[in-house]
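[1] turn this into a model:
(one chain, ligands or ions: 2)
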Amino acid sequence: MQLLDCDVEEPNAHILLKPSLEHKQTVFIPVPKVDEERCTYCGKCAEVCAYHAIAVVGKKVLVFAELCHGCGACSYLCPEDAISEEGREVGVVESGRAGGLEFVHGRLNIGEVAAPRVIGEVKKHINRERLAIIDVPPGTSCPVVMAVKDSDFCLLVTEPTSFGLSDLTLAVDMVRRLGIPCGVVINRDGVGDRGVEEYCLKEAIPILLRIPLDIKIAQLYSRGITLVEGMPGWRESFVRLFDNVKQIANTVGRQQGESE
Ligand code: SF4
Ligand code: SF4
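    Numbers count the residues shown, from 1 in each chain. Ligands and ions are numbered 1, 2, ... in the order given. So this is what the prediction gives:
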């Protein structure tokens, strides 16, 4: 089994799993380098850049490397072939083992914006022959979509508050657009209201696990101890959760295969 932490801006799975990280690979993005001899200052590169990472000011082309996502559009569309690319380090991917688990995580350098690139490098480690669990950042932004897409199932962890419900609604919309089946884990069960439950019922989304608001659980987490390690009575609930996820993913996969 593999565990890939794709929350590259704030990876934390290693704190709980304590893997031995044996391999480290630097992640680069290709940023433009302009040959002023060839450039006619036509401005096409600036027009095409969705991230405002390149600008033409009079007889000068300015590249804002920290804003560049390395998409390559400017060099591809430059009519004078005046743009080459040079690698710029944006993060690292580290891998190793945590017991029987193959562990991989990415770290985006502070201040960088190219999270999807680092996530893409982490996901290259996925072995289709094995079961891969991907830890995804919160929200529904570009890095989240990059981390989630092509998954067989998405487990959405929320809490029973109006904030939790709002985020959950957006996340469900995202996974449905991506065609990925989902289920919910309610964390800090007991706080807030019944909004999340009612929403799940209305949308036919299974609630697969409830973790109560419990000071002992928070203390374990703050000491870097997993719930199952610190309170072994939870083991059975997590095994059942895992079995349910596999069953739903297999059923949906079969249905999709039949309809193709
Ligand atoms: S598109 Fe090419 S030629 Fe035009 S301004 Fe940019 S670098 Fe110069
Ligand atoms: S590579 Fe893409 S993001 Fe970077 S400057 Fe060129 S067009 Fe903009």
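[2] give me the helix or strand of this protein that scores worst on average pLDDT.
    helix 235-259 (a mean of 88; mean pLDDT, DSSP states H and E).
[3] in that helix, what's buried?
    In terms of neighbour count (16 or more other Cβ atoms under 10 Å), helix 235-259 has its buried residues at L241, N244, V245, I248, A249. Heads up, the C-betas are built off the backbone N, CA and C, glycines and all.
[4] what's the farthest-apart pair in those?
    L241 and A249 (12.5 Å; Cβ to Cβ).
[5] please name every helix or strand in contact with the host helix or strand of P143.
    Per DSSP states H and E, P143 falls inside helix 142-148. Other elements packing on helix 142-148 under the criterion 3 or more Cβ pairs under 8 Å, 6 or more residues apart in numbering; DSSP states H and E are helix 115-123, helix 162-177.
[6] ok, now with 7 Å
    helix 115-123 (3 or more Cβ pairs under 7 Å, 6 or more residues apart in numbering; DSSP states H and E).
[7] any idea of the mean pLDDT in the helix it packs on?
    What helix 115-123 shows for mean pLDDT is 95.
[8] please apply the same query to stretch 197-207.
    96.
[9] buried ones in it?
    Buried residues in stretch 197-207, counting neighbours by 16+ other Cβ under 10 Å, are found at E197, Y199, C200, I205.
[10] which residues touch the second one?
    What it means is Y199. L165, L168, T169 (Cβ atoms under 7 Å, 6 or more residues apart in numbering).
[11] interface residues of the chain facing ligand 2?
    31-32, 48-49, 51, 53-54, 68-74 (Cβ under 6 Å from any ligand atom).
[12] just those residues: which are in strands?
    V31, P32, I54 (DSSP state E).
[13] closest to G120 among these?
    Nearest to G120 among those: V31, at 16.5 Å, using Cβ to Cβ.
[14] my read: that closest one touches H69, true?
    No. The pair V31 / H69 is not scored as a contact, 9.3 Å apart, by Cβ atoms under 7 Å.
[15] comparing the two, which shows the higher neighbour count?
    V31 (25 against 19; other Cβ atoms under 10 Å).
[16] circling back: would you format the residues of the chain next to ligand 2 as a markdown table with distance to S95 and pLDDT included?
    Listed next are the residues of the chain next to ligand 2 as a markdown table, based on distance: Cβ to Cβ, whole Å; pLDDT from 0 to 100:
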| residue | distance to S95 | pLDDT |
| --- | --- | --- |
| V31 | 26 | 96 |
| P32 | 30 | 97 |
| V48 | 35 | 97 |
| C49 | 33 | 97 |
| Y51 | 29 | 93 |
| A53 | 30 | 95 |
| I54 | 34 | 97 |
| C68 | 26 | 93 |
| H69 | 24 | 90 |
| G70 | 22 | 91 |
| C71 | 26 | 91 |
| G72 | 27 | 94 |
| A73 | 31 | 96 |
| C74 | 33 | 97 |
